[in-house]
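**Student:** Next comes the sequence, and after it the predicted model I'd like to discuss.
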Amino acid sequence: MNLQLRIYETFSEYRETVEIQKQFLRVFDDRSWNSLLPDSLSLEGVKVELVQKRRLPSALSLWQDCWVILSTPHTMQKVKLIHAEDGLVQDEDGRFFYIQPQDLMFTEKPAPRGAQHEVCFHTGGGEQAVLSYLTRALFWTAHLTLDVQNGQGTLTAWAEVINQTVQDLQVDQAVLIAGDVKLLPPALPEDLYGMEGRAVPAAGMERSMPTAEPQQEQVGLQMFNLTGSFVLRGEGATSLKVLSETLQIHQKAGFVQKVHKYTRNVQGKMQRWYEFEAPCALPQGKMTVRDTGSVVGQHRLSATTAKEKVSFSLGIDPDVNYQREIEVLRANKQITTHRVHLHLENHKDREVTVKYQEHFQTYSETAEAVGETLQAIPEGLQVVEVLQPGQKKTITYLLNFKARV
């Protein structure tokens, strides 16, 4: 057996090299069957003439019409199993009642509980083939950590591979694939994973684990080859480090103000703002940010290309204030003009770079900003200033809101 996995962020492609004859049979437990896409089942490398699928009876049904032991906290008695599906039993006095299957004791080791599903491929014969299918029970997710110290940052990315099946999988080759790959939704609304919530890391993980090697982008997908064979424990999770890079971090006190011609005087606190350039393509995932040893928040990182600028805010910085005051210089049907006084104040004992943005919300008019220190951005305007410890600074500019013709 040789098992290859192509692990995506919401599903996996399972590819197992198998020995075949005229017929090839594979049995899936209920959980595995509910997780895979039955239409994706295929046997590659041979001519397939017919595929048959059927549901096998549950293991408990093998004991139907047999005498077993019912064990509860109050009694232990001999009962006959009448209906395996709903737990109907009959005692030695002929009375019928319902029980929980886990309360039954057997004189022989029973088969695993739950229904099973059988798939039989009828082929023209051969020696080897590849059993392939898509399953939602195997997937991966990225967790990132950004450690910031004095303007330098270390970005670490971990891939957590989830195995929601009950089987341990001996994996010979695997690749992690990140990107926008959509599958059609299932025909039925029930939970296809057969589990509530996510799997927790399993105990007794193998110490020998693969390493991840980033590969070149293909068809808009980012890939990490996993070198070396490894075991994915059933109902478990395995975390692999896929990235560790040193970055230049730009820290600012920032704020985004939405503005229209009816906006009046506002004031408030700035927010902690972080910016960096992606050193390589980054997978989407939750990023935890530590600044000088303390957790300052989490950010949901979108899939990012190499050298793309990443900018986000995390929480309020109470030591940097802003106040926006306006004077209405003109207001008529054609144009409304505001003179804006933007007051910035730094209460820290160190210098701070402040980035203040105004995003224009205009519907029936256009907006134009006039000022020496302003920077035009697609959303409106931007002010970037360096404030020394305890410094207050005022920036004045004009805003013209003109009616659309």
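**Tutor:** Received the coordinates, thanks.
**Student:** beta partners of residue 171?
**Tutor:** residue 230 (DSSP bridges).
**Student:** correct me, but it touches residue 7?
**Tutor:** No - assessed by C-beta atoms under 8 Å, residue 171 is found out of contact with residue 7, at 9.3 Å. Placement of C-beta: from N, CA and C, glycine included.
**Student:** what's across from the closest residue in space to residue 36 that isn't next to it in sequence in the sheet?
**Tutor:** Once flanking residues are discounted, residue 36 sits nearest to residue 135: 4.3 Å by C-beta to C-beta, 6 or more residues apart in numbering. In this entry, residue 135 is beta-bridged to residue 12, residue 36, by DSSP bridges.
**Student:** And residue 135, how close does it get to residue 91?
**Tutor:** 43 Å (C-beta to C-beta, to the nearest Å).
**Student:** Comparing these two, which residue is more hemmed in?
**Tutor:** residue 135 (22 against 14; other C-beta atoms under 10 Å).
**Student:** May I have stretch 263-283 as CSV, with CA atoms only?
**Tutor:** Extracted C-alpha coordinates of stretch 263-283, given in CSV (Å, rounded to 0.1, in the frame of the first residue of the first chain):
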residue,chain,number,x,y,z
THR,A,263,-20.2,64.9,9.7
ARG,A,264,-19.6,67.3,12.6
ASN,A,265,-17.1,67.5,15.4
VAL,A,266,-15.7,64.1,16.6
GLN,A,267,-13.0,63.0,18.9
GLY,A,268,-11.6,59.7,20.2
LYS,A,269,-8.6,57.4,20.7
MET,A,270,-6.3,56.0,18.1
GLN,A,271,-5.8,52.3,17.5
ARG,A,272,-2.7,50.1,17.5
TRP,A,273,-1.8,49.7,13.8
TYR,A,274,0.7,47.2,12.3
GLU,A,275,2.0,47.0,8.7
PHE,A,276,4.5,44.7,7.0
GLU,A,277,5.4,43.3,3.6
ALA,A,278,4.6,39.6,3.1
PRO,A,279,8.0,37.8,2.6
CYS,A,280,6.3,35.1,0.5
ALA,A,281,2.8,33.9,-0.3
LEU,A,282,0.9,33.5,3.0
PRO,A,283,-2.1,31.1,3.6
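**Student:** Name the residues of that stretch that come out as buried.
**Tutor:** 263, 270-276, 278, 281-283 (16 or more other C-beta atoms under 10 Å).
**Student:** Identify the residue with the minimum pLDDT among those residues.
**Tutor:** On pLDDT alone, residue 281 ranks lowest of the buried residues of stretch 263-283, at 85.
**Student:** List the contacts of residue 287.
**Tutor:** 144-146, 298-301 (C-beta atoms under 8 Å, 6 or more residues apart in numbering).
**Student:** Leaving out chain neighbours, which residue sits closest to it?
**Tutor:** residue 144 (4.0 Å).
**Student:** Counting residues, name the longest strand you see in the chain.
**Tutor:** Assignment by DSSP state E gives strand 309-331 as the longest strand of the chain.
**Student:** helices or strands next to whatever helix or strand comes next after that strand in the packing?
**Tutor:** Reading on from strand 309-331 to the C-terminus, the next helix or strand found by DSSP states H and E is strand 335-346. Other helices and strands packing on strand 335-346, by 3 or more C-beta pairs under 8 Å, 6 or more residues apart in numbering; DSSP states H and E, are strand 309-331, strand 352-360, strand 380-387, strand 392-403.
**Student:** Pull the distance from strand 335-346 to the chain's centre.
**Tutor:** Mean C-alpha position of strand 335-346 versus that of the full chain (C-alpha atoms, centre = their mean, to the nearest Å) differs by 42 Å.
**Student:** can you give me the mean pLDDT across that strand?
**Tutor:** Mean pLDDT, strand 335-346: 94.
**Student:** Give the pairing partners of it; include direction for each.
**Tutor:** Applying DSSP bridges, strand 335-346 is found paired with strand 309-331 (antiparallel), strand 392-403 (antiparallel).
**Student:** The ones you listed into TSV, with extra columns for mean pLDDT?
**Tutor:** TSV is the format used below for the strands paired with strand 335-346 (pLDDT from 0 to 100):
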stretch	mean pLDDT
strand 309-331	94
strand 392-403	94
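**Student:** could you dump the ones you listed to TSV with distance to residue 236 and mean neighbour count?
**Tutor:** Shown next, in TSV, are the strands paired with strand 335-346 (distance: least, C-beta to C-beta, whole Å; neighbours: other C-beta atoms under 10 Å):
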stretch	distance to residue 236	mean neighbour count
strand 309-331	32	15
strand 392-403	56	16
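**Student:** closest one to residue 40 among those?
**Tutor:** With C-beta to C-beta as the criterion, residue 40 lies closest to strand 309-331 of the strands paired with strand 335-346, at 35.6 Å.
**Student:** Just the C-alphas of that closest one, formatted as PDB.
**Tutor:** Output in PDB follows, covering the C-alpha atoms of strand 309-331 (Å, rounded to 0.1, in the frame of the first residue of the first chain):
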ATOM      1  CA  LYS A 309       1.500  44.900   2.000                       C
ATOM      2  CA  VAL A 310      -0.500  43.700   5.100                       C
ATOM      3  CA  SER A 311      -2.100  46.400   7.200                       C
ATOM      4  CA  PHE A 312      -4.400  45.900  10.200                       C
ATOM      5  CA  SER A 313      -5.400  47.500  13.500                       C
ATOM      6  CA  LEU A 314      -5.700  45.800  16.900                       C
ATOM      7  CA  GLY A 315      -7.500  47.500  19.800                       C
ATOM      8  CA  ILE A 316      -7.400  51.000  21.200                       C
ATOM      9  CA  ASP A 317      -4.200  52.900  22.000                       C
ATOM     10  CA  PRO A 318      -5.300  55.100  24.900                       C
ATOM     11  CA  ASP A 319      -2.200  57.400  24.800                       C
ATOM     12  CA  VAL A 320      -2.800  58.900  21.400                       C
ATOM     13  CA  ASN A 321      -5.900  61.100  20.900                       C
ATOM     14  CA  TYR A 322      -7.500  62.800  17.900                       C
ATOM     15  CA  GLN A 323     -10.100  65.600  17.700                       C
ATOM     16  CA  ARG A 324     -11.700  66.700  14.400                       C
ATOM     17  CA  GLU A 325     -13.400  70.100  14.400                       C
ATOM     18  CA  ILE A 326     -15.000  71.700  11.300                       C
ATOM     19  CA  GLU A 327     -16.100  75.200  10.200                       C
ATOM     20  CA  VAL A 328     -18.800  75.300   7.500                       C
ATOM     21  CA  LEU A 329     -17.500  78.000   5.100                       C
ATOM     22  CA  ARG A 330     -20.100  77.500   2.400                       C
ATOM     23  CA  ALA A 331     -23.300  75.400   2.000                       C
END
